[in-house]
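[1] coords below, sequence missing:
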């Protein structure tokens with residue numbers, strides 16, 4: 001049991017280092033290749049943790065070699081367009097001007113039910129509303145709607161939008177997030193006034209509070 005515990009701790013440390021080395025592309029699993037790489041890394045780690053007959057260093061060596069090959073392939077794909085297409089694939093148009101590209105669907109083995117599902121996930125319920133639909137290398141579908149079918153924006157209605165602000169948590173489990181107060185230039189006095197408007201007199205009574213993009217405060221009490 002002690003041997004397995006030590007192997008687990010060391011395997012965890014090695015895997016953590018290697019995933020950091022491989023970078024965010026591996027973590028996000030952008031392509032089939034990065035997805036398979038993640039599976040292989042997990043499989044190797046599982047083997048070196050549970051199989052006591054295999055020396056731990058042999059497993060680490062296999063991990064290092066695999067990650068080195070991945071980094072080499074990614075470097076080559078960055079420098080060479082042909083290699084990038086071979087490794088990552090390329091986008092494919094599956095709908096053009098509201099017409100389904102049948103040959104493209106067959107080439108990528110995408111049936112109509114899957115296509116309809118992907119469209120619904122993009123808030124599109126009719127193929128006739130689609131100008132272009134592009135199947136990305138990671139299998140996701142990117143949709144551009146026809147003119148007149150897009151959502152209405154403030155610009156369309158001649159409304160001048162205010163500055164874009166990223167919503168941020170101000171109170172979490174009864175504690176004020178001081179860092180966000182400073183970054184958002186949101187004084188404590190203003191916070192207390194906004195809380196009072198929500199019927200809150202004690203910060204500790206708040207489970208979560210978030211400052212919205214329009215500077216309004218969303219409050220959820222405990």
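    Received it, and whenever you're ready, just let me know what you need. On a predicted model such as this, the values are computed, not experimentally measured, just so you know. Residues are numbered from 1 along each chain as shown.

[2] List the buried residues of stretch 96-111.
    For stretch 96-111, the neighbour count (16 or more other CB atoms under 10 Å) marks 101, 104, 105, 110 as buried. Every C-beta, even on glycine, is put in place using the N, C-alpha and C of the backbone.

[3] Mind checking the pLDDT average for that stretch?
    The average pLDDT within stretch 96-111 is 87.

[4] now do stretch 130-139
    Stretch 130-139 comes out at a mean pLDDT of 87.

[5] outside of that stretch, which residues touch it?
    29-32, 88-98, 104, 108, 110, 115, 118-119, 124, 141-147 (CB atoms under 8 Å, 6 or more residues apart in numbering).

[6] buried stuff in the helix or strand harbouring residue 11?
    Element membership of residue 11 [criterion: DSSP states H and E] is helix 2-22. Residues of helix 2-22 classed as buried by neighbour count (16+ other CB under 10 Å): 7, 10, 11, 14, 15, 18, 22.

[7] Could you check how far it is from the centre of its chain?
    Here the centre of helix 2-22 is set off from its chain's centre by 24 Å, with CA atoms, centre = their mean, to the nearest Å.

[8] Just the angle for the longest helix belonging to the chain relative to helix 2-22, thanks.
    With secondary structure taken from DSSP state H, the chain has its longest helix at helix 56-79. Interaxial angle, helix 56-79 versus helix 2-22 (axes from the mean of the first three to the mean of the last three CA atoms, to 10 degrees): 10 degrees.
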